[in-house]
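> when you get a sec, could you give me coordinates for this:
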Amino acid sequence: MTTTSMTTTRTCLVLRHVAFEDLGLIEDVLVARGFSTRTLQIGVDDLAPLDAAADDLVVVLGGPVGVYEDDLYPYLREEVAFLRARLASGRALLGICLGAQMIAAAAGAAVYPGSEKEIGWAPVTLTPAGLASPLAAIDGHDVLHWHGDTFDLPDGAIRLASTGTTLNQAFAIGDNVLGLQFHLEVLPERIETWLIGHRAELGATRGLSIAALRADTARLGPATAEAGRKAIAAALDAAGFA
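Model prediction:
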């Protein structure tokens with residue numbers, strides 16, 4: 001377990017699946033809003049004793065496993081149960097990629113393999129609700145996609161963004177729950193950790209070029225990161241963490 005702290009009255013619990021898919025740019029935004037963060041490693045740290053409502057914010061990060069693979073990774077059941085309790089508490093919750101899929105599953109929606117993988121930089125199309133949401137900050141920007149699974153929209157959720165391949169790219173449940181299928185958190189200067197960590201997947205996916213991903217990140221990443229910071233800040237505002 002890792003911890004980042006400062007004098008604060010706000011706490012953020014981070015659920016991490018692989019080390020290089022971390023908070024990224026979100027961490028600086030949280031620190032600026034007076035949050036301390038602590039990170040639990042899924043599959044290593046035990047979630048069962050935790051009070052799901054204790055922290056002001058919970059962030060669930062991405063990873064290369066599927067929600068439905070709980071026969072191979074049984075601790076995913078514990079994670080979904082924790083998130084179900086978190087949803088019931090009504091407190092703030094953010095999920096990214098696998099994290100969004102986990103929230104969808106905890107809310108009772110199906111998660112399953114998509115029609116094809118989306119890996120690389122491309123825009124999302126914001127719905128009218130998305131344009132009126134914190135995600136308005138990313139309108140017109142390419143974002144980093146890195147997923148093969150998708151999910152049904154949970155009951156009570158509002159779709160915020162789509163692509164031609166993936167209908168549910170972002171959703172909100174009230175002002176306190178936000179799920180993002182794409183990766184808004186990635187710091188472009190750290191893309192090499194992704195290119196190394198996902199080497200097997202990149203090598204097995206036809207038509208993908210590591211050199212092109214690297215070049216696209218250098219070209220598009222900085223502007224998207226700035227827009228991402230604005231979107232996360234706006235989401236915190238909406239959840240009452242101004």
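> residue ranges of the strands in this protein, please?
With strands called from DSSP state E, the chain shows them at 2-4, 10-16, 35-41, 57-60, 92-96, 111-123, 125-126, 142-151, 158-162, 170-173, 177-180.
> return the most buried member of the ones you listed.
strand 177-180 (a mean of 28; mean count of other C-beta atoms under 10 Å). In this view, the C-beta of every residue, glycine as well, is placed from N, C-alpha and C.
> touching that one from outside, list them.
Residues outside strand 177-180 that contact it (C-beta atoms under 8 Å, 6 or more residues apart in numbering): 87, 92-97, 99-100, 103-104, 134, 157, 169-172, 235.
> ok, and what's touching stretch 225-233?
With C-beta under 8 Å, 6+ apart, stretch 225-233 has contacts from 25-26, 28-29, 33, 134-138, 141, 143, 184-188.
> just the buried subset of those residues, please.
Using 16 or more other C-beta atoms under 10 Å as the burial test, the contacts of stretch 225-233 include 25-26, 29, 33, 134-138, 141, 143, 184-188 as buried.
> now, which of those residues sits nearest residue 150?
Among the buried ones among the contacts of stretch 225-233, residue 143 lies closest to residue 150 (C-beta to C-beta), at 15.9 Å.
> what sits closest to that closest one if chain neighbours are left out?
Leaving aside its chain neighbours, residue 143 sits nearest to residue 182 (4.5 Å; criterion: C-beta to C-beta, 6 or more residues apart in numbering).
> going by neighbour count, list what's buried in stretch 45-60.
By 16+ other C-beta under 10 Å, the buried positions in stretch 45-60 come out as 47, 50, 52, 55, 56, 57, 58, 59, 60.
> what about that stretch, distance to the chain center?
Stretch 45-60 sits 16 Å away from the centroid of its parent chain (C-alpha atoms, centre = their mean, to the nearest Å).
> then that stretch to PDB, C-alphas only?
What follows is stretch 45-60 as a C-alpha-only set of coordinates in PDB (Å, rounded to 0.1, in the frame of the first residue of the first chain):
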ATOM      1  CA  ASP A  45      -4.500  -5.800  -0.200                       C
ATOM      2  CA  ASP A  46      -7.700  -7.000   1.400                       C
ATOM      3  CA  LEU A  47     -10.800  -4.800   0.800                       C
ATOM      4  CA  ALA A  48     -13.100  -6.800   3.100                       C
ATOM      5  CA  PRO A  49     -12.400  -4.900   6.400                       C
ATOM      6  CA  LEU A  50     -12.900  -1.500   4.700                       C
ATOM      7  CA  ASP A  51     -15.800   0.800   5.300                       C
ATOM      8  CA  ALA A  52     -16.900   1.600   1.700                       C
ATOM      9  CA  ALA A  53     -18.300   4.900   2.900                       C
ATOM     10  CA  ALA A  54     -15.400   6.100   4.900                       C
ATOM     11  CA  ASP A  55     -13.400   8.100   2.300                       C
ATOM     12  CA  ASP A  56     -14.600  11.300   0.600                       C
ATOM     13  CA  LEU A  57     -13.700   9.900  -2.800                       C
ATOM     14  CA  VAL A  58     -12.900   6.500  -4.200                       C
ATOM     15  CA  VAL A  59     -11.000   6.200  -7.600                       C
ATOM     16  CA  VAL A  60     -10.900   2.800  -9.400                       C
END
